[in-house]
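Q: Predicted model, plus sequence, below.
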Amino acid sequence: MTTGQNYDVVVVGAGFSGLYMLHRLREAGYSTRVYELADDVGGTWYWNRYPGARCDVESVFYNYTFSVEILNEWTWSARYAEQPEILRYINFVADKLDLRRDIQFNTRIESAHYDEATNRWNITTDEGTPVSAKYFITAVGCLSASNVPHFKGLENFEGEWYHTGRWPHEKVDFEGKHVGVIGTGSSGIQSIPAIAKEAKHLTVFQRTPQYSTPAHNKPYDPDRLKQIRENFDEVKEEMRYSLTGMPGAPRDRSALDDSPEERQRVFEAAWEKGGLMNLSYTYNDINVNAEANETLASFIRSKIREIVKDPEVAAKLMPDFYYATKRPIIDTDYFETYNRDNVSLVSVKNAPIEEITSTGIRTTEKEYELDMIVFATGFDAMTGPLFKMDIRGKDGVSLQEKWDDGAQLKTYLGLATTGFPNMFMITGPESPSVLSNMMVSIEQHVEWISECIEYMEKNGAQTIEANVEAEDDWSSHCREVAEATLFTKTDSWYMGANIEGKPRGFQIYLGGVGPYRQICDDVAAKGYEGFSLT
Ligand code: N01
């Protein structure tokens, strides 16, 4: 039995999801405490401060929509806002809603154990005071457990090294330095052009070449902002019932129905528009039909060949997996950066990094002298942030044991999991999460969880727990939907393939944000069908 602080709800994390969760619960009158490891709000946008960091969802769609006042009081500067601006926005919301008074910063949740005798969660933190709550909600994000691969000799490196997802708060100085970047995912591709502008020399260590297409970022035209603001109710509705949480939808046509000339015209127009979804939305079978996918993939390869002047370098940059089965990336001058004299590209696919030495990186072919190494090597996605805490449900079974370290990942709606009553996961595994506009998915989950708690309290329920059959059905459905696409054909972090020893399995629900919302709403409308309430 806990003798420390008691709350109705404990929330882990003070990023976009934790902040809105706190606001909703507090407004509804529940005593709520948020715990946050960082010394301030922001989550992803607090940690990912690397140069060039920005969001790949257009700014006007990547913000809270629950408050018209907040919407109207904030003006984004550009189509894709940079990290400092997004962090300022989060701070603006935290201040406006006076959220900080219920957040304990600099505190790591170490364990959360469900006590069947009291139907409460007993929570410990590294700060000591035990805490208990009726509801335990994880708002830990999907990409917050950073991954530095186990390179031999890293401890001997005498220069500076950083991971993009744990970037220092003070300015990192690249001037006059030989810098190495390992990794060419979104973080690498955003940071490489920015670092190249400052460093004496930049060496990029690339294992898998990526499809990246232009963001065409630009300052917002005030008329566009005005138009979106004036029509925001409709825009919001469209986002909520869309495929990915952004306005727009794939064109209802197969890529194979058009002649090569017509396809070229369509792809060129989408390339000119830029942005995350314009190319994917050109045809409705890009993600499901290998031949259709190849038409777009080869179009992007031809663009890389056009941009990169040295044909040998261009050849190294040719991606060969199905487009979009690793997260598609939008960039500012990424491929152009390889035309600079101070940038070189090293393929480590066939000659992998063998060791980090005291003075640089040694691959199986050559040694590179470096003053600084930037690890743009990604995250242990989805389950990683949850497994960092010792979460135990009924009978003392831990989440990690239940999911067999991810091999038996099972959730109901990505919101809850059997054996862990009164625990909710915001944008958890097997929900649309990272394959959607996170803001739309976060708001949907927060609102669904708040309403569920309201329902329970009104009906005097002590516990809510996902049923075994409902969970089995949902997880099978998730796998079936993923198997019908090309996503499962590529090794990616979506599949858990980027982490040594992590079991492979598609960790995200691909059925679309709109259909998913409908399913969750139906479950609630039927008195939380698939859950048992006591
Ligand atoms: O990480 P990644 P990220 N030796 O896993 C390479 C979101 N995000 O931080 O592909 C050599 O994508 C690895 O190679 P490979 C977004 O959802 C969003 O860039 O595994 N290389 C890969 O190139 C994104 O998808 C934004 O062969 C090694 C890279 O490191 C997600 O976060 C911005 C290696 C890791 O790429 C993760 O992106 C940034 C090794 N041992 C991030 N190990 C927005 O714009 C790994 N790599 C919103």
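A: Nice, thanks for sending it over.

Q: got the residues of the stretch 351-500 of the chain near the ligand?
A: Selection of the stretch 351-500 of the chain residues close to the ligand by Cβ under 6 Å from any ligand atom yields I353, A376, T377, G378, F379, V434, W493, N498. The way it works is simple: take the backbone N, C-alpha and C, and place the C-beta from them, glycine included.

Q: contacting residues around the nearest residue to N342 once chain neighbours are set aside?
A: Counting by Cβ to Cβ, 6 or more residues apart in numbering, N342 lies nearest to H201, which is 5.0 Å off, once chain neighbours are set aside. Neighbour list for H201: H178, V179, N342, V343, S344 [criterion: Cβ atoms under 8 Å, 6 or more residues apart in numbering].

Q: Show me those residues that map onto helices.
A: Among those, no residue falls in helices (DSSP state H).

Q: Which ones among those lie within strands?
A: With strands taken from DSSP state E, the overlap with the contacts of H201 comprises H178, V179, V343, S344.

Q: Provide a list of residues in contact with N122.
A: T2, A112, H113, Y114, D115, P130, V131, S132.

Q: give me the beta-bridge partners of the closest residue in space to E160 that isn't next to it in sequence?
A: Excluding the flanking residues, the one nearest E160 by Cβ to Cβ, 6+ apart is M372, at 4.7 Å. Beta bridges link M372 to E160, V179 when assigned by DSSP bridges.

Q: 39 is where my numbering starts, stick with that
A: Understood, numbering begins at 39; the last thing we discussed is M410.

Q: Give me the pLDDT for the closest residue to M494 other than its chain neighbours.
A: Using Cβ to Cβ, 6+ apart and skipping residues adjacent in sequence, the residue nearest M494 is I502, 5.9 Å away. According to the prediction, I502 has pLDDT 98.

Q: Surely I502 touches E567?
A: No - if you go by Cβ atoms under 8 Å, I502 and E567 don't touch, sitting 11.9 Å apart.

Q: Now do the SS call for H151.
A: strand (DSSP: H, G, I helix; E, B strand; the rest coil).

Q: same thing with V72?
A: strand.

Q: how about it, what does it touch?
A: 48-52, 56-57, 59-60, 137, 140-142, 177.

Q: what about the residue nearest to C93 when sequence neighbours are not counted, distance to R430?
A: Distance criterion Cβ to Cβ, 6+ apart; nearest residue to C93, sequence neighbours excluded, is Y100 at 5.2 Å. Remark: distance between Y100 and R430 (Cβ to Cβ, to the nearest Å) = 35 Å.

Q: F413 too?
A: Distance from F413 to R430, by Cβ to Cβ: 32 Å.

Q: The residues of the stretch 389-538 of the chain next to the ligand into JSON lines, with extra columns for neighbour count?
A: Formatted as JSON lines, those follow (neighbours: other Cβ atoms under 10 Å):
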{"residue": "I391", "neighbour count": "20"}
{"residue": "A414", "neighbour count": "24"}
{"residue": "T415", "neighbour count": "22"}
{"residue": "G416", "neighbour count": "25"}
{"residue": "F417", "neighbour count": "23"}
{"residue": "V472", "neighbour count": "18"}
{"residue": "W531", "neighbour count": "23"}
{"residue": "N536", "neighbour count": "20"}
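
Q: what about the closest residue to P206 other than its chain neighbours, neighbour count?
A: Distances taken as Cβ to Cβ, 6+ apart place Y200 nearest to P206, at 6.7 Å, with adjacent residues excluded. Y200 is flanked by 18 other residues according to other Cβ atoms under 10 Å.

Q: Assumed Y200 was part of a strand.
A: Yes - membership of Y200 in a strand is supported by three-state DSSP.

Q: tell me the SS of L240?
A: Strictly by three-state DSSP, L240 counts as strand.

Q: wait, doesn't it sit right on I230?
A: Yes - between L240 and I230 there is a contact at 6.9 Å, judged by Cβ under 8 Å.

Q: joint contacts of the two?
A: V219, V381.

Q: who touches the residue nearest to M494 in this structure?
A: A454, P459, N460, C490, M494, Y566, F569, S570, L571.

Q: circling back to that earlier point, for PyMOL, write the selection for the buried entries among the contacts of V72.
A: Remark: buried members of the contacts of V72, expressed as a PyMOL selection using 16 or more other Cβ atoms under 10 Å:
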select buried, resi 48+49+50+51+52+56+57+59+60+137+140+141+142+177
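
Q: and the contacts of V72, which of them are in strands?
A: V48, V49, V50, I141, Q142.

Q: G422: which of these is nearest?
A: The closest of the ones in strands among the contacts of V72 to G422 turns out to be V50 (Cβ to Cβ; 13.8 Å).

Q: Is that closest one bridged to anything, and to what?
A: With DSSP bridges as the rule, V50 is bridged to Y73, T176.

Q: Next, the contact list for it, please.
A: With Cβ under 8 Å, 6+ apart, V50 has these contacts: G56, V72, Y73, I147, A150, F174, I175, T176, A177, V178, M427.

Q: Could you export the residues you listed as a markdown table, including distance to I480 and pLDDT?
A: Shown next, in a markdown table, are the contacts of V50 (distance: Cβ to Cβ, whole Å; pLDDT from 0 to 100):
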| residue | distance to I480 | pLDDT |
| --- | --- | --- |
| G56 | 9 | 99 |
| V72 | 14 | 98 |
| Y73 | 18 | 98 |
| I147 | 19 | 98 |
| A150 | 21 | 98 |
| F174 | 18 | 99 |
| I175 | 12 | 99 |
| T176 | 12 | 99 |
| A177 | 8 | 98 |
| V178 | 12 | 98 |
| M427 | 20 | 98 |
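
Q: Taking the stretch 339-488 of the chain, what residue is nearest to the ligand?
A: G416 (2.5 Å; Cβ to the nearest ligand atom).

Q: So that residue is in contact with W531, correct?
A: Yes - using Cβ under 8 Å, G416 is in contact with W531, at 5.8 Å.

Q: Residues of this structure that sit close to the ligand?
A: 93-94, 181, 187, 202, 220-226, 228, 243, 245-246, 365, 386, 391, 414-417, 472, 531, 536.

Q: on that earlier part again, now flag whichever of the contacts of V72 is closest to the ligand.
A: Nearest to the ligand among the contacts of V72: G51, at 16.4 Å, using Cβ to the nearest ligand atom.

Q: For the closest residue to the closest one other than its chain neighbours, list the residues it contacts.
A: Sequence neighbours aside, A177 is the residue nearest to G51 in space, at 3.8 Å (criterion: Cβ to Cβ, 6+ apart). With contact set as Cβ under 8 Å, 6+ apart, A177 has these partners: V49, V50, G51, A52, G53, S55, G56, M59, V72, G81, I464.

Q: G191 now?
A: G191 neighbours (Cβ under 8 Å, 6+ apart): E393, I394, T395, S396.

Q: Throw those residues into JSON lines and include pLDDT, secondary structure and neighbour count, thanks.
A: Shown next, in JSON lines, are the contacts of G191 (pLDDT from 0 to 100; DSSP: H, G, I helix; E, B strand; the rest coil; neighbours: other Cβ atoms under 10 Å):
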{"residue": "E393", "pLDDT": "98", "secondary structure": "strand", "neighbour count": "15"}
{"residue": "I394", "pLDDT": "98", "secondary structure": "strand", "neighbour count": "22"}
{"residue": "T395", "pLDDT": "98", "secondary structure": "coil", "neighbour count": "18"}
{"residue": "S396", "pLDDT": "98", "secondary structure": "coil", "neighbour count": "10"}
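
Q: Tell me where the stretch 239-388 of the chain has helices.
A: Here the stretch 239-388 of the chain has its helices, by DSSP state H, counting those that start in this stretch, at 260-268, 270-278, 298-311, 328-345, 349-354, 372-375.

Q: could I get those as JSON lines with mean pLDDT?
A: Shown next, in JSON lines, are the helices of the stretch 239-388 of the chain (pLDDT from 0 to 100):
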{"stretch": "helix 260-268", "mean pLDDT": "94"}
{"stretch": "helix 270-278", "mean pLDDT": "97"}
{"stretch": "helix 298-311", "mean pLDDT": "98"}
{"stretch": "helix 328-345", "mean pLDDT": "98"}
{"stretch": "helix 349-354", "mean pLDDT": "98"}
{"stretch": "helix 372-375", "mean pLDDT": "98"}
